[in-house]
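Peer 1: requesting a structural model of the entry that follows:
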Amino acid sequence: MIIANRNLEAGQELPPVRKEISFEDMRLFSMWSNLNIHTDWESAKKAGLPAPIAQGLMSHAYLSEMLTQFFGKNWLQGGTLTVKFIGYTLPGDVITARGIVREKVAEGSATRFNCDVWCESLSGEKTVVGSASALVN
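Peer 2: Numbering: from 1, shown residues only. As a prediction, this is how the structure comes out:
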């Protein structure tokens, strides 16, 4: 579902991507690695966490999925994504990747769209914040 074109304006919201995070997904994403805070309940508790936490790169992947769906090849061929992990995601949480076009800037014969992006829980608590851009021809 590619939506982006050069006529987009600042304030345009990107269609969100919603994911329910299961413990199985967390373990698969971690490639069933050794016991650690992402794959083992006891290791997480020893680290002072309430449960294993999803790797931050899972949220990063969901943001990338959202950007790919919105910008298509323009994201894949000229996109950037920078994030900061400010919270954590637990098994059973539902997170939503969101974004909004902050500005558009002419770049040669193309237009670069700079976006604010984040992941949030059902309660609206942000777990990842950052910026992304895509060059649209």
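Peer 1: quick one, helices of the protein?
Peer 2: Under the criterion DSSP state H, the chain contains helices at 23-29, 41-46, 56-71, 73-78.
Peer 1: buried set for the first one?
Peer 2: Read it as helix 23-29. 23, 26-27, 29 (16 or more other CB atoms under 10 Å). Every C-beta, even on glycine, is put in place using the N, C-alpha and C of the backbone.
Peer 1: ditto for the third one
Peer 2: Neighbour-count burial for helix 56-71 flags 56, 58-60, 62-64, 66-71 (criterion: 16+ other CB under 10 Å).
Peer 1: what of the last one?
Peer 2: By neighbour count with 16+ other CB under 10 Å, helix 73-78 contains the buried residues 74-75, 78.
Peer 1: for the residue nearest the centre of the chain, give me its contacts.
Peer 2: With distances taken as CA atoms, centre = their mean, the residue of the chain nearest its centroid is residue 63 (2.5 Å). By CB atoms under 8 Å, 6 or more residues apart in numbering, the contact list for residue 63 reads 17, 81, 83, 97, 99, 117, 119, 128, 130, 132.
Peer 1: so which of these comes closest to residue 11?
Peer 2: residue 99 (11.7 Å; CB to CB).
Peer 1: shaky segments in the chain?
Peer 2: For the chain, applying pLDDT under 70 flags the ranges 1-2, 32-33.
Peer 1: which other helices and strands contact the strand ranked longest in it?
Peer 2: As assigned by DSSP state E, the longest strand anywhere in the chain is strand 94-107. Judged by 3 or more CB pairs under 8 Å, 6 or more residues apart in numbering; DSSP states H and E, the packing partners of strand 94-107 are strand 13-20, helix 56-71, strand 110-121, strand 126-136.
Peer 1: so which of these comes closest to residue 40?
Peer 2: helix 56-71 (16.5 Å).
Peer 1: sorry, back to before: list the buried residues of the longest strand of the chain.
Peer 2: 95-99, 101-102, 104.
Peer 1: next: stretch 34-44.
Peer 2: 37-40, 44.
Peer 1: mind putting these into CSV with distance to residue 91?
Peer 2: Compiled in CSV, the buried residues of stretch 34-44 are given as follows (distance: CB to CB, whole Å):
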residue, distance to residue 91
37, 12
38, 10
39, 11
40, 12
44, 10
